[in-house]
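A.B. asks: got a predicted structure here, sequence first:
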Amino acid sequence: MSASPARRAIVIASICTAIGVAIAAGLGIWQLQRLAWKQDILARIEQRIHADPVRPDALDQQIQRGEDVEYTRVKVRGYFDHDREIHIYAPGPEGPGWQLVTLFKESRGRLYFVNRGYVAESRLADAARPQGEVDITGLLRPYNRRNAFTPDNDVTGNTWYWYDYEAMQRYVYETWQQRNAVNIFPDVIEQEAVSGMYPAGGVTILDIPNNHLQYALTWFGLMLALIGVYAVWLLRQLRER
């Protein structure tokens with residue numbers, strides 16, 4: 001093997017290997033940064049879901065300061081309006097059923113959508129529908145959006161598959177004029193489970209994946225494998241010279 005082609009092959013291989021190593025290392029470091037970011041989010045969620053619930057005044061102050069309030073525990077006093085109860089399809093421990101979303105009129109006048117929990121389809125009529133002034137506690141969650149596989153909501157039949165915030169407002173109020181005259185809070189309250197109460201509250205799923213460490217190790221492993229392959233190849237090239 002002539003010196004010039006061999007040297008050229010080594011240079012090209014070295015450049016390609018260096019580029020590959022840099023990319024793999026960069027992606028591995030990026031995944032470690034994402035890991036730290038995700039761990040911070042999970043720690044904040046864990047702190048919020050176990051914190052004492054905040055009242056509407058304190059919640060308003062957090063929002064005015066521009067703070068993120070997702071997963072914040074809140075406690076509000078007011079009245080449920082069961083006249084336009086929204087049924088969101090949901091499988092559950094008793095089979096197909098619904099999550100009941102009900103308009104809640106807080107004592108100060110603010111309106112919330114409250115996800116009261118799961119009820120089996122066969123027991124929909126058995127669900128408790130509290131009357132009069134009550135206190136509720138729950139977690140604030142943004143309205144989930146549909147994905148490519150989510151069916152269309154059947155608003156007329158009150159069969160929903162996802163939170164369509166605008167359609168929900170139209171559903172609970174007969175006209176746009178009425179809807180525009182009120183302020184429905186932009187996050188839903190997912191009510192906590194209440195002992196002996198049906199529907200079964202506490203529908204929040206906190207199983208948030210955190211696979212960034214595995215991704216980082218994968219990229220660093222590929223980087224080391226690339227270096228190893230290059231080293232073996234380079235030694236063979238040098239021995240042949």
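C.D. replies: Great, that's in hand. Residues are numbered from 1 along each chain as shown.
A.B. asks: what's the longest helix in the protein?
C.D. replies: Longest helix of the chain, by residue count under DSSP state H: helix 3-49.
A.B. asks: how far does stretch 173-187 stretch from one end to the other?
C.D. replies: With C-alpha to C-alpha, to the nearest Å applied, stretch 173-187 spans 18 Å between its terminal residues.
A.B. asks: grab the longest strand from this structure for me.
C.D. replies: strand 73-92 (DSSP state E).
A.B. asks: and stretch 141-149, how far out from the chain middle?
C.D. replies: Chain-centre distance of stretch 141-149: 9 Å, with C-alpha atoms, centre = their mean, to the nearest Å.
A.B. asks: name the residues of that stretch that are buried.
C.D. replies: Across stretch 141-149, burial judged by 16 or more other C-beta atoms under 10 Å covers residue 141. Where you see a C-beta, it was placed from the backbone N, CA and C, and this is true even at glycine.
A.B. asks: one more: stretch 14-27?
C.D. replies: 17, 20, 21, 24, 27.
A.B. asks: residue ranges with poor pLDDT in the chain?
C.D. replies: 1-3, 174-183, 241 (pLDDT under 70).
A.B. asks: in it, which spans are helices?
C.D. replies: Under DSSP H, the chain gives helices at 3-49, 56-64, 165-172, 176-180, 212-240.
A.B. asks: if you compare those, which one is most tucked away?
C.D. replies: helix 165-172 (a mean of 17; mean count of other C-beta atoms under 10 Å).
A.B. asks: what residues does it touch?
C.D. replies: Around helix 165-172, the neighbours that count as contacts under C-beta atoms under 8 Å, 6 or more residues apart in numbering are 81, 84, 86, 101, 103, 113, 143, 153, 155, 176, 179, 184, 186.
A.B. asks: closest to residue 235 out of those residues?
C.D. replies: residue 143 (59.8 Å; C-beta to C-beta).
A.B. asks: grab the nearest non-local neighbour of residue 193.
C.D. replies: Among residues not flanking residue 193 along the chain, residue 202 sits closest, at 3.7 Å (C-beta to C-beta, 6 or more residues apart in numbering).
A.B. asks: residue 141 bridge partners, please.
C.D. replies: residue 188 (DSSP bridges).
A.B. asks: now do the contacts for it.
C.D. replies: 70, 71, 115, 187, 188, 189, 190, 204.
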